[in-house]
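Participant: quick one: sequence plus predicted model below, questions after.
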Amino acid sequence: MDSGRRRVSGILLHPTSLPGPFGIGDLGPAADRFVDFLRGAGQRLWQVLPLGPTGYGDSPYQCFSAFAGNPLLVSPQRLVEEGLLARGDLASLSGGASSQVDYAEVGRFKRPLLARAREVFERDASAAQRRDLEAFRQAQSSWLADYALFMAVKDAHDGKPWTRWEPGIAARESESLESWRQRLAPSVEAQTFAQYLFFRQWAALRERCHAAGVRLLGDVPIFVAHDSADVWAHRDLFRLDEDGSPACVAGVPPDYFSATGQRWGNPLYDWDRLAETGYGWWVERLRSALALVDEVRLDHFRGFEAYWEIPGEEETAVKGRWVKGPGAPFFEALRDALGELPIVAENLGVITPEVEELRERFGFPGMAILQFAFGSDGSAESFQPHNYVRNLVAYTGTHDNDTLAGWWLGGVGDSTREAEQVDEERELCRRYLGTDGREIHWAFIRALLASVADTAIVPMQDVLGLGNEARMNLPGRGSGNWRWRLLESDLTAEVRDRLLDLALLYGRAARETEDGE
């Protein structure tokens, strides 16, 4: 991870969880205020989840594209500032400063807003602005045209997955592709323009982060959604049946989170075919990600060494098998094309010596989750801070964990643990952290920041000590995830100063007058 070996700390908060008046966090003024909060709290990293347009279950790990941005993150207030909307266009918007995202409702009022902005652009844009749009189109040509057409055709088929479209366009027959491009030209252009807005606003936010001394840590899932422009446009790179359905799917075997494992449903790659291309699609994917963020968390890193293959017809992940992944040649190809790789390896789950050897060979820091440090299985000790190494990104928890307060006060409903095991975990936690359980989240944060790990990251929910109502994701639950939002009133001076004190105390921040930032 490119932190210059400095000790740093940061916050995990997805942009959809930012506060604001439009029912979902976005890239507008609230994002700027959060960056100011990070700077004031001595935090040098902002970690986000995948930024793509979400599909099934609103999950950022099931996106319609591995390259596109989520149009729902476009800030209406920024569009007003740019003259693409009038203030009156926002007056009747629903959503409000809610504490939960209703993705369907947000989409219903935000998509027409983006269409209105495009109308104004078409009417009023200067020659320089039109050249800027065309330059964007050219810079993103490796994926943008396919994505825009995919989304337009999907809308024309009432949102059905691409395997249920008219056969010609589902199979990407050349005549059908051209016919649909012409028929849906306005819709295709609308999708393109929405991406243009997202990328412009994200670039401005990234510049704001850098000015504040904050680096962005993004997230690249190993797999992509079956119902995505990526699979539709590159069927040869995935293991699909003749009708386009997955021959086998991704997941993990039974684990802490689920007694039947996790059947993610993503199609698996044809790694032999990808190797023949020099892993070109993956090179472009990582290049695109690093144009948006400074470093990436590579989700499910162990899948590059070996992955859990589940037959497509199986309903759970129990009946699967481990299959060797692309291994070192894959990362060598990425490094040859892109230079040194600012990657954090998500090495959680069933980790073998071969996985760790691959990670260490390329110098990628792994991850440690402090919430896992008190279990009775053999892996718990590796998550205890006295066993940490420097080249490590340590977390109180991730988006898949319950919040610390929810974990501390809750039961066994989210895992395979028995009640007796939960009691034993709590007792060990009290002894290890020297706490009576009051303000358990601050006891965790202190232990994490005091550790030798170069990088420490805390989900915003844990900073605030929120309960399981603020949990971001419960693995295996198909709906109701990814909805939590921060309230503007949560970003208090007291919380900011307490974070700053710990960051200073444990050498993860320096006062601005001392470090020149």
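Facilitator: Arrived safely, thanks for sending.

Participant: find the helix or strand that the closest residue to Thr435 other than its chain neighbours is a member of.
Facilitator: Closest residue to Thr435 apart from its sequence neighbours, by Cβ to Cβ, 6 or more residues apart in numbering: Ala443 at 4.2 Å. (Glycine included, C-beta is placed from N, CA and C.) Element membership for Ala443 (DSSP states H and E) is helix 440-450.

Participant: what about that helix, distance to the chain center?
Facilitator: How far helix 440-450 lies from its chain's middle: 24 Å, per Cα atoms, centre = their mean, to the nearest Å.

Participant: heading C-terminal from that helix, find the next helix or strand.
Facilitator: By DSSP H and E, the next helix or strand past helix 440-450 is strand 455-459.

Participant: touching the helix or strand just after that next one from outside, list them.
Facilitator: Next along the chain after strand 455-459, taking DSSP H and E as the criterion, comes helix 460-464. Helix 460-464 is contacted from outside by 11-13, 17, 396-397, 403-405, 441, 444-445, 470-472, 484, 486, 490, 495, 499, using Cβ atoms under 8 Å, 6 or more residues apart in numbering.

Participant: quick check: strands, which of those are part of them?
Facilitator: Residues of the contacts of helix 460-464 located in strands (DSSP state E): 11-12.

Participant: among the contacts of helix 460-464, which ones are buried?
Facilitator: Neighbour counting over the contacts of helix 460-464 (16 or more other Cβ atoms under 10 Å) leaves 11-13, 17, 396-397, 403-405, 441, 444-445, 470-472, 484, 486, 490, 495, 499 as the buried ones.

Participant: ok, back up a step: how much space separates the residue nearest to Thr435 from Phe223?
Facilitator: In this view, Ala443 and Phe223 are 36 Å apart by Cβ to Cβ, to the nearest Å.

Participant: how deep is Cys429 tucked in, by neighbour count?
Facilitator: 20 (other Cβ atoms under 10 Å).

Participant: whichever helix or strand it is part of packs against which elements?
Facilitator: In the assignment (DSSP H and E), Cys429 maps to helix 419-433. When contacts are defined as 3 or more Cβ pairs under 8 Å, 6 or more residues apart in numbering; DSSP states H and E, helix 419-433 sits against helix 440-450.

Participant: residues in contact with the helix it packs on: which ones?
Facilitator: Residues contacting helix 440-450 (Cβ under 8 Å, 6+ apart): 9, 370-371, 385, 394-396, 403-405, 408, 429, 432-435, 456, 458, 462-465, 498-499, 502-503, 505-506, 508.

Participant: in that helix, which of the residues would be classed as buried?
Facilitator: 440-449.

Participant: now, which of the residues you listed sits nearest Ser65?
Facilitator: Leu448 (34.1 Å; Cβ to Cβ).

Participant: I'd like to know how far that closest one sits from Thr435.
Facilitator: 13 Å.

Participant: buried residues in the helix holding Cys429?
Facilitator: So for helix 419-433, counting by 16+ other Cβ under 10 Å, buried means 421-422, 425-426, 428-429, 432-433.

Participant: dump the residues you listed to JSON lines, plus pLDDT.
Facilitator: Converted to JSON lines, the buried residues of helix 419-433 look like this (pLDDT from 0 to 100):
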{"residue": "Gln421", "pLDDT": "81"}
{"residue": "Val422", "pLDDT": "83"}
{"residue": "Glu425", "pLDDT": "90"}
{"residue": "Arg426", "pLDDT": "92"}
{"residue": "Leu428", "pLDDT": "94"}
{"residue": "Cys429", "pLDDT": "95"}
{"residue": "Tyr432", "pLDDT": "97"}
{"residue": "Leu433", "pLDDT": "97"}
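
Participant: and of those residues, the nearest to Leu38?
Facilitator: Leu433 (25.2 Å).

Participant: related to what we said a few turns ago, can you redo the buried residues of helix 419-433 as JSON lines with distance to Pro76?
Facilitator: Shown next, in JSON lines, are these (distance: Cβ to Cβ, whole Å):
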{"residue": "Gln421", "distance to Pro76": "48"}
{"residue": "Val422", "distance to Pro76": "45"}
{"residue": "Glu425", "distance to Pro76": "45"}
{"residue": "Arg426", "distance to Pro76": "45"}
{"residue": "Leu428", "distance to Pro76": "49"}
{"residue": "Cys429", "distance to Pro76": "44"}
{"residue": "Tyr432", "distance to Pro76": "47"}
{"residue": "Leu433", "distance to Pro76": "44"}
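
Participant: list the contacts for Ser382?
Facilitator: Contacts of Ser382 (Cβ under 8 Å, 6+ apart): Ala368.

Participant: now it: phi and psi?
Facilitator: Here is the backbone geometry of Ser382 (degrees, to the nearest 10): phi -70, psi -20.

Participant: re the thing from before, give me the residues contacting the helix holding Cys429.
Facilitator: 373-376, 384, 408, 411-412, 417, 435-437, 440, 443-444, 447.
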